[in-house]
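Student: This is a predicted model, with the sequence first.
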Amino acid sequence: MKLKQMVSIGLVLLMVALSAGCETSTGETLKKYDEAQTLSYTENASSFSNDVSEYEIFIPKGYESGCIAGTKNDLYYTLVKNIPMGMGSECTDIFHLDTKTGNAERIFQIKTGEHWQNELVAADGALFWILQDASGMRLERYDLEHGTVSTVKEFSDTSPEIIISGGQDYLTWNEYNQEEISLYAYAIDEERIFCVSEKIAPQSSYTRAYVNDGITVFTESRKGVLYLCVYDIHEQMYLKQLRVTDSQSIINPQANSQYIVWIDEYEDPALYAYTLGSNELRCISKPGGSINLFSFHLLKDMVILNERRSGQIIGRLLDEGQEAVLSEQIPGEHLYILGTVFDARKFIAFDSARNSILFIR
């Protein structure tokens with residue numbers, strides 16, 4: 001009887017340790033960058049079946065473009081009227097864009113005196129944003145059906161900028177508590193906030209915890225050792241924990257159930273991809289190569305590259321040396337910003353040279 005009890009207690013403790021990502025599960029060591037396989041890419045548009053659309057946005061005089069977001073086949077964006085010579089905005093208009101007709105309609109206006117609205121994430125039936133005004137800083141939820149706004153969480157006035165990311169089911173953000181940084185998630189349907197990791201170690205203050213099909217990725221520091229962690233928010237468990245060597249930096253990581261992608265630095269970065277199933281490390285874009293990388297996003301088995309030299313959006317397959325210029329059919333010069341992936345299969349970016357939204361699905 002005592003033996004059975006000891007075994008049961010041991011199994012419970014092991015399950016708790018695994019689900020909490022304790023140091024008892026040390027994981028593998030990430031290969032050094034000079035050991036990574038470098039993929040050579042050739043253009044092959046026939047390997048890509050993406051549908052590409054462009055939607056022009058009318059920006060009235062006195063207004064500026066703000067944030068963009070999408071869910072399924074609906075797009076949303078904000079237009080901001082800033083206070084002259086001020087630090088904030090006097091009003092922020094939120095629009096819904098029907099991708100079938102191309103028509104846009106204002107659905108809400110933020111007009112709470114001088115304010116600062118940042119971030120925009122869309123989910124089924126709701127929009128989320130960060131708002132800072134005389135009442136403080138908070139994460140707000142806008143109900144698309146009823147047109148009502150509620151507060152998800154209030155933040156301290158001394159908090160650094162809150163950057164949110166999200167998928168259909170969850171939002172994520174980092175919170176600063178003195179010298180520690182914690183990662184939180186919000187279950188949209190359940191309206192529940194919970195802690196994913198009490199102490200993360202992002203290598204940039206602007207690193208997001210991107211969400212792809214309920215999967216997110218972040219870095220933790222344990223006894224001076226950096227770990228790259230892939231986390232299943234649905235199951236609340238770690239899928240992969242990779243020890244990172246002292247010479248390696250992990251910036252802006254993104255993951256799904258198959259891959260992790262990240263860059264090693266901001267100036268002339270190299271882009272790396274790690275395959276979760278085979279533990280293979282590949283270099284997708286090298287410094288000084290044909291790609292002048294502005295930003296990147298993971299989309300299924302492909303990485304979307306915002307290439308600044310040509311002003312185009314390029315797709316590269318992660319397991320094959322094939323690429324295509326996905327925005328090639330859109331004429332004119334481009335300056336894409338605010339790229340984001342949603343619904344795990346769709347990508348949008350704002351073209352500030354044409355005042356339009358690029359939609360790739």
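Tutor: Perfect, thanks for sending it. Numbers count the residues shown, from 1 in each chain.
Student: Now residue 172. Nearest residue, chain neighbours left out?
Tutor: residue 209 (4.0 Å; C-beta to C-beta, 6 or more residues apart in numbering). (Each C-beta comes from the backbone N, C-alpha and C, glycine too.)
Student: quick one: contacts for the one you found?
Tutor: 165, 172, 173, 174, 183, 196, 216, 217, 218 (C-beta atoms under 8 Å, 6 or more residues apart in numbering).
Student: gap between the fourth one and residue 166?
Tutor: The span separating residue 174 from residue 166 equals 14 Å under the rule C-beta to C-beta, to the nearest Å.
Student: Comparing those two, which residue is more hemmed in?
Tutor: residue 166 (27 against 23; other C-beta atoms under 10 Å).
Student: what bridges to the more buried one?
Tutor: residue 171 (DSSP bridges).
Student: just checking, it touches residue 123?
Tutor: Yes - contact criterion C-beta atoms under 8 Å: residue 166 and residue 123 qualify, at 6.5 Å.
Student: what's the overlap in contacts for those two?
Tutor: residue 188.
Student: Can you pick out the most distant pair from the contacts of residue 209?
Tutor: 173 and 217 (14.6 Å; C-beta to C-beta).
Student: circling back: please tabulate the contacts of residue 209 in TSV, including the columns distance to residue 308 and secondary structure.
Tutor: Below are those laid out as TSV (distance: C-beta to C-beta, whole Å; DSSP: H, G, I helix; E, B strand; the rest coil):
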residue	distance to residue 308	secondary structure
165	23	strand
172	27	strand
173	28	strand
174	27	strand
183	30	strand
196	33	strand
216	27	strand
217	25	strand
218	27	strand
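Student: so which of those would you say is closest to residue 273?
Tutor: Proximity of these to residue 273 (C-beta to C-beta) peaks at residue 217, which lies at 12.3 Å.
Student: Tell me, how many residues neighbour that closest one?
Tutor: 26.
Student: And residue 314, by the same measure?
Tutor: Quick note: residue 314 (other C-beta under 10 Å) scores 24 neighbours.
Student: That one contacts residue 334, doesn't it?
Tutor: No - between residue 314 and residue 334 there is no contact under C-beta under 8 Å: 12.0 Å.
Student: which intervals of the stretch 101-250 of the chain have sub-threshold pLDDT?
Tutor: Residues of the stretch 101-250 of the chain that meet the criterion pLDDT under 70 are absent altogether.
Student: What ranges does it have for its strands?
Tutor: In the stretch 101-250 of the chain, the segments counted as strands under DSSP state E, counting those that start in this stretch are 104-110, 116-123, 126-133, 136-143, 148-155, 164-166, 170-177, 180-187, 192-197, 215-222, 225-232, 237-244.
Student: Check which strands are paired with the second one and give the direction for each one.
Tutor: Read it as strand 116-123. When DSSP bridges is applied, strand 116-123 pairs with strand 126-133 (antiparallel).
Student: can you give me the angle the strand it pairs with makes with strand 136-143?
Tutor: Interaxial angle, strand 126-133 versus strand 136-143 (axes from the mean of the first three to the mean of the last three C-alpha atoms, to 10 degrees): 160 degrees.
Student: Could you list the residues in contact with strand 126-133?
Tutor: Contacts for strand 126-133 (C-beta under 8 Å, 6+ apart): 67, 69, 76, 78, 88, 94, 110, 112-122, 137-144, 152, 162, 164, 166, 171, 188.
Student: next one: it to chain centre, how far?
Tutor: 17 Å (C-alpha atoms, centre = their mean, to the nearest Å).
Student: now the angle from it to strand 148-155?
Tutor: Using the same axes, to 10 degrees: strand 126-133 against strand 148-155 is 60 degrees.
Student: end to end, how far does stretch 246-253 reach?
Tutor: One end of stretch 246-253 to the other measures 17 Å (C-alpha to C-alpha, to the nearest Å).
Student: Which residue lies nearest the spatial centre of the protein?
Tutor: residue 210 (3.2 Å; C-alpha atoms, centre = their mean).
Student: Just the buried ones among the contacts of strand 126-133, please.
Tutor: Among those, those scoring as buried are 67, 69, 76, 78, 88, 94, 110, 115-122, 137-142, 144, 152, 162, 164, 166, 171, 188 (criterion: 16 or more other C-beta atoms under 10 Å).
Student: any idea which of the strands of the stretch 101-250 of the chain is most buried?
Tutor: Compared across the strands of the stretch 101-250 of the chain, strand 164-166 shows the largest average neighbour count, a mean of 24 (mean count of other C-beta atoms under 10 Å).
Student: And the contacts of stretch 343-352?
Tutor: In contact with stretch 343-352 (C-beta under 8 Å, 6+ apart) are residues 54, 65, 68-72, 75, 77, 167-168, 212-213, 256, 297, 299-300, 304, 306, 313, 330, 334-342, 356-361.
Student: Does residue 46 fall in a helix, a strand, or a coil region?
Tutor: helix (DSSP: H, G, I helix; E, B strand; the rest coil).
Student: Next, find the distance separating it from residue 305.
Tutor: Taken as C-beta to C-beta, the span from residue 46 to residue 305 is 19 Å.
Student: Tell me which of those two has more neighbours.
Tutor: residue 305 (25 against 7).
Student: ok but that one is inside a helix, no?
Tutor: No - with three-state DSSP as the criterion, residue 305 is assigned strand and is not in a helix.
Student: correct me, but residue 262 touches residue 250?
Tutor: Yes - the pair residue 262 / residue 250 is scored as a contact, 5.2 Å apart, by C-beta under 8 Å.
Student: overlap in contacts of these two?
Tutor: residue 228.
Student: still on that earlier bit, make a markdown table out of the strands of the stretch 101-250 of the chain and add distance to residue 34.
Tutor: What follows is the strands of the stretch 101-250 of the chain, written out as a markdown table (distance: least, C-beta to C-beta, whole Å):
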| stretch | distance to residue 34 |
| --- | --- |
| strand 104-110 | 49 |
| strand 116-123 | 37 |
| strand 126-133 | 40 |
| strand 136-143 | 42 |
| strand 148-155 | 42 |
| strand 164-166 | 31 |
| strand 170-177 | 31 |
| strand 180-187 | 30 |
| strand 192-197 | 30 |
| strand 215-222 | 21 |
| strand 225-232 | 18 |
| strand 237-244 | 14 |
